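A.B. asks: Pasting the sequence and the predicted coordinates here, then a few questions.
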Amino acid sequence: MDLLRHLHFFAAVADTRHFGDAARDLGMTQPPLSQGIQRLEMRLGIRLFDRDARGVRITPAGQSLLPHARELLRLECEFDDLAAGFAVPTQIRLGLAGDIDDLIDDVVGALASTGQQVAPTVAGSVELVDLLRDGALDVAVLRHPGIVDGLEAGPVLVVPTRWEPSGANGMSSLPVAVPPRHHQPPAHDQLVDALRRTGHSGSVVEAHDIAQRRAMTAARNTVRLAAVAAGASADVDAPPLRLRIATPLPKNQRSDIDHPVAVAVLTAALAR
């Protein structure tokens, strides 16, 4: 559990005395906020708020803990400000969904060509979303669909794919090598449905590492969907890759990073 993140939820509800207003102030929807408060209460073993027809009231225990929560949040900001003084100001912290492995060189190269240093992190989209919310990344390329509450997310980008090995198609009896489902469950399930619509059984083999997925495909144990580079031909029956570029909300963005430029460069690199 991310204690500091949930303390932000606690303080926001305490300030507004309203879950909907607190969610709006935090740039998120109400259900994740309510769930976060419930998780915090379970961790602490106490009730922080009472809700009834008259609204939301902070409990005596919550009132006693609130000043300490605010002090921890103040120290968090102080710590971040201190650490920022040691950070490389021109370094863009870029998150990349492992699903776009065939395009990583092009995407990172495009951003690096702007003259700024790039610090890439390859991970599942769910993890990247958490890193964006926590301020550990400046921009990320995510699989779609997925939950992006509390972030600024651009339009859906559709990237064509091809079957590997060459000549394989959606009617193949072999399973498809894919990243683990927990990387982005909605996108994974959508892909399985798309495979079935092509006539494929929908069977998949999950492998975290792209080298493992390629090795299984080379051994003819699986087939693989590979995103195609600009100008390359795609397979008509290969489900496309759907992506979104996300950044922290404007109020949470680093002032030394030109986020709109970074997003524009990444969008151009992924445009097909």
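C.D. replies: That came through, no problem.
A.B. asks: what about Leu111, which helix or strand?
C.D. replies: Assigned by DSSP states H and E, Leu111 falls within helix 104-112.
A.B. asks: Residues contacting that helix, please?
C.D. replies: The contact list for helix 104-112 (C-beta atoms under 8 Å, 6 or more residues apart in numbering) reads 92, 94, 96, 100, 118, 120, 122, 141, 229-230, 262, 265-266, 268-270. Heads up, the C-betas are built off the backbone N, CA and C, glycines and all.
A.B. asks: Please give me every residue in contact with Leu157.
C.D. replies: The contact partners of Leu157, taken as C-beta under 8 Å, 6+ apart, are Arg242, Leu243, Arg244, Ile245, Thr267, Leu270, Ala271.
A.B. asks: Quick one, which of the contacts of helix 104-112 are buried?
C.D. replies: The neighbour count (16 or more other C-beta atoms under 10 Å) marks Ile92, Leu94, Leu96, Ile100, Val118, Val122, Val141, Ala262, Val265, Leu266, Ala269, Leu270 as buried among these.
A.B. asks: Helix, strand, or coil at the third one?
C.D. replies: This points to Leu96. Under DSSP: H, G, I helix; E, B strand; the rest coil, the three-state class of Leu96 is strand.
A.B. asks: where along the stretch 101-250 of the chain do the helices fall?
C.D. replies: Assigned by DSSP state H, counting those that start in this stretch, the helices in the stretch 101-250 of the chain fall at 104-112, 125-133, 185-197, 210-218.
A.B. asks: ok, for Thr16, nearest residue in space, not its chain neighbours?
C.D. replies: Among residues not flanking Thr16 along the chain, Ala22 sits closest, at 4.7 Å (C-beta to C-beta, 6 or more residues apart in numbering).
A.B. asks: and the one you found, that's in a helix?
C.D. replies: Yes. Per three-state DSSP, Ala22 lies within a helix segment.
A.B. asks: Now do the same contact list for it.
C.D. replies: Phe9, Ala12, Val13, Asp15, Thr16, Leu33.
A.B. asks: List the residues that contact the third one.
C.D. replies: Taking C-beta under 8 Å, 6+ apart as the criterion, Val13 is in contact with Phe19, Ala22, Leu33, Ile37, Leu48, Phe49, Val56.
A.B. asks: quick revisit: tell me the gap between the helix holding Leu111 and the middle of its chain.
C.D. replies: In terms of C-alpha atoms, centre = their mean, to the nearest Å, the gap separating the centre of helix 104-112 from the centre of its chain is 19 Å.
A.B. asks: Confirm for me that Val56 is in contact with Ala14.
C.D. replies: No. Counting by C-beta atoms under 8 Å, Val56 sits too far from Ala14 to count as a contact (9.0 Å).
A.B. asks: Can you tell me how far the closest residue to Thr217 other than its chain neighbours is from Ala187?
C.D. replies: Counting by C-beta to C-beta, 6+ apart, Arg224 is the residue found nearest to Thr217 once chain neighbours are left out, at 4.4 Å. For Arg224, the distance to Ala187 (C-beta to C-beta, to the nearest Å) stands at 16 Å.
A.B. asks: No further queries at this time; thank you.
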